[in-house]
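Undergrad: when you get a sec, could you give me coordinates for this:
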Amino acid sequence: MEVFYWCTDQVITQRVLAAKSVAHAKGGCVLTAYAKLLIPPIMVLPGLCARVLYPEVRENSNLAFPTIVSNVLPHGLLGLMVAAMLAALMSSLASTYNSTSAIISYEFYKRLRPRSTDRSLVIVGRVSIVLLTIVGILWIPVISKSGDGLYLYIQSIISYVAPPIAVVYLGGILWKGATPRAATVTLFSGGLIGLIRFVVESVFKIMENPPENAFLSIIVYSNFLYFAFFSTCLSVLLLTICSLFTPAPSQAKIDAIFAHAAKTADLMSYAVVPKQVEDSSDADSLDDTASMGSDQGVDHLQLVERDNDGTKCFGNNAQKTILNTFASLQMGLSFSAFWHFR
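TA: Predicted coordinates:
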């Protein structure tokens with residue numbers, strides 16, 4: 001399921017595509033992978049400590065983190081932690097709204113109205129954000145009735161949509177025999193099955209006396225990880241069978257796609273900077289002067305290849321300071337709770 005999120009989710013891919021160069025994109029992904037290793041202890045330790053220190057959170061696990069934050073951290077760190085949590089929340093929401101509105105505007109509205117102007121696309125994007133916000137607010141009662149906690153609810157939704165996307169993504173990379181029609185059939189079939197499971201499960205949770213039988217126990221009431229395994233196997237089977245009976249794209253078309261991707265990667269390895277920077281010994285001055293391009297004029301600009309040895313891939317000092325501060329706060333919370341429990 002993580003292949004779906006880290007490799008195909010619009011929220012992640014738009015950030016990678018917004019990097020200054022291929023080297024920066026690769027470095028950001030590597031840094032994120034290392035930062036991801038901190039997630040298990042950061043998420044598990046405070047919850048375990050809260051469960052022992054404050055038994056009332058056992059009835060509602062969603063209250064574990066705010067309860068331990070408000071009772072363990074001193075006032076200074078408490079305000080800083082709340083600010084960090086709000087900043088992370090706003091960043092995630094902004095990425096989600098931006099990617100979703102872009103998909104609605106370009107993949108749906110513009111296909112229906114090819115001659116639509118940029119202004120109309122912006123309006124459609126803003127309206128879609130408002131509607132998504134309203135739907136999200138109205139969906140809160142359904143989430144509250146799930147009874148499994150917010151984290152498990154999010155993971156269950158991902159397990160319904162991730163398997164067919166991950167199978168198509170990996171199949172296209174690892175198997176030359178995969179065809180576009182097979183990918184389309186796999187995506188629609190797997191997505192439809194996941195949607196049916198999600199809708200039926202949500203309706204049954206709202207009902208006071210939902211029906212129970214052997215079929216529903218397997219299809220609806222089974223653990224979401226079992227469903228993800230079943231959906232993955234079905235998606236692999238569909239992709240394989242459909243690929244064997246549908247025509248593959250021509251080699252010329254495949255070569256054209258990869259040639260375009262290689263050309264784009266080569267262009268991303270260069271930066272537009274003023275000419276006087278070419279002989280500068282300070283490599284960091286390239287980033288500082290790249291933004292001057294629009295003010296210097298085309299005659300005073302040239303393409304200078306960026307450093308790809310990895311030394312400039314991990315962002316500026318401000319980004320590293322923010323990341324280290326947030327990680328330190330989270331780890332400090334974990335160890336403070338552990339010490340208090342001790």
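Undergrad: list the buried residues in stretch 218-228.
TA: The neighbour-count check on stretch 218-228 (16 or more other CB atoms under 10 Å) flags 220, 224, 227, 228 as buried. For the C-beta atoms, the positions are set from N, CA and C on the backbone; glycine is no exception.
Undergrad: among those residues, which ones are in helices?
TA: 224, 227, 228 (DSSP state H).
Undergrad: Serialize those to JSON lines and add fields for distance to residue 171 and pLDDT.
TA: As requested, these are exported to JSON lines (distance: CB to CB, whole Å; pLDDT from 0 to 100):
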{"residue": "224", "distance to residue 171": "23", "pLDDT": "88"}
{"residue": "227", "distance to residue 171": "20", "pLDDT": "90"}
{"residue": "228", "distance to residue 171": "17", "pLDDT": "90"}
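Undergrad: quick check: residue 166 touching residue 3?
TA: Yes. In this structure, residue 166 is within contact of residue 3 by CB atoms under 8 Å, at 4.2 Å.
Undergrad: neighbour count: the two, which is higher?
TA: Of the pair residue 166 and residue 3, residue 166 is the one with more neighbours under other CB atoms under 10 Å, namely 22 against 15.
Undergrad: helix/strand/coil for residue 210?
TA: At residue 210, secondary structure determined by DSSP: H, G, I helix; E, B strand; the rest coil is coil.
Undergrad: what residues are up against the nearest residue to it once chain neighbours are set aside?
TA: Distances taken as CB to CB, 6 or more residues apart in numbering place residue 204 nearest to residue 210, at 3.8 Å, with adjacent residues excluded. When contacts are counted by CB atoms under 8 Å, 6 or more residues apart in numbering, residue 204 is found next to 210, 211, 220.
Undergrad: quick check on the second one: phi, psi?
TA: Listed backbone geometry of residue 211 is phi -70, psi 150, with angles given as degrees, to the nearest 10.
Undergrad: tell me the SS of the closest residue in space to it that isn't next to it in sequence?
TA: Distances taken as CB to CB, 6+ apart place residue 204 nearest to residue 211, at 7.7 Å, with adjacent residues excluded. Put simply, residue 204 is helix when judged by three-state DSSP.
Undergrad: per-residue confidence at residue 204?
TA: Confidence at residue 204, expressed as pLDDT, is 81.
Undergrad: residue 3 against residue 168, yeah?
TA: No. At 10.5 Å, residue 3 does not count as touching residue 168 under the criterion of CB under 8 Å.
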